[in-house]
Each structure stands twice: as structure tokens, then as C-alpha cells.
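1. build me a model:
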Amino acid sequence: MSTPFQLQGTLQLPPDVGLPADPLGFSVSSQFDSLAEFVLTLTGAGTHGVGLGTPSAAGLKGLLVKVDASALASPVKLLINGSVTGGIEVSPGGGVSFGSPSPVVGITQLDIVYTTAVTVRIWALG
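-> From the prediction side, this is the model:
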């Protein structure tokens, strides 16, 4: 059974020097058939492959990754679809959201590279 979801956010910034901040909003709406939720307490250093549940072959419709704030943790790197280069760096206290209401060739694999103890929270909607 499909479940509706909405991913929303706002970036607040001034359009020019000396002006007040204006909101730049975004919103993605769709329906998901699979949900995978994780709280990963990673220790040491390594790469952790995240099981994304059972999304369609086209990939995820929504993804939220949050890294818990910690003065002792280093940033993690998110590797998408088996990539071994590049990646998306997320520092402690930060996060990444992704929405694709009708994926064709979307996210089907997620690996987290970490170098210190860190807690990462993940919600994957397929």
C-alpha cells in the first residue's frame, strides 16, 4: 500500500547585502511503498553499506540523512550507487535531504565512509 509523504524545507538568506533574509522554500510530494529507518552508531573508521529496504528498481523517492552533533566526530562521506570517488560530505550537526517523486535512475545504494565515532540517522523512502 502506498503512503503519501512530503519533504519540505526553507533556506533563509538575504537577496543582497544589507537586506533582510527571504525564505526560499522547496517541497517534494510523492508516495512510498517501502520505508527503511536507521540509527547507526559507528565506531572506529570504515565504510558502512546501508540497506535501503525494498525500493523499486528506479530507486528512492526520498532520503533524509542526519549526522548527530559531536565535538569529537569528523565529517562522514556519503557514497551514492557504488561510487568510490567524490561523495557528499556531511559534518556533525548537518544533514542531507533528497526528493525525487518519480525516479528513473535514482539512488539504489548508499555507503557511509567514517573516520571517527559518529551517529548517523537515516530515513529512506522507496
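
2. residue 73: what's it in contact with?
-> Contacts for residue 73 (Cβ atoms under 8 Å, 6 or more residues apart in numbering) come out as 67, 92, 116-118. (Each C-beta comes from the backbone N, C-alpha and C, glycine too.)

3. which of the three states applies to it?
-> What DSSP: H, G, I helix; E, B strand; the rest coil gives for residue 73 is coil.

4. so where do the strands sit in this protein?
-> 3-13, 22-32, 35-42, 46-50, 62-67, 76-80, 88-90, 95-99, 110-114, 118-125 (DSSP state E).

5. out of those strands, which one sits most buried?
-> Of the strands of the chain, the one with the most neighbours on average (mean count of other Cβ atoms under 10 Å) is strand 62-67, at a mean of 22.

6. contacts made by that one with the rest, please.
-> Counting by Cβ under 8 Å, 6+ apart, 5, 7, 28, 30, 32, 73, 75-76, 78, 90-100, 107, 110, 118-125 sit against strand 62-67.

7. with stretch 44-60 instead?
-> Residues contacting stretch 44-60 (Cβ under 8 Å, 6+ apart): 33-36, 38, 40, 42, 61, 79, 98, 100, 102-117, 122, 124-126.
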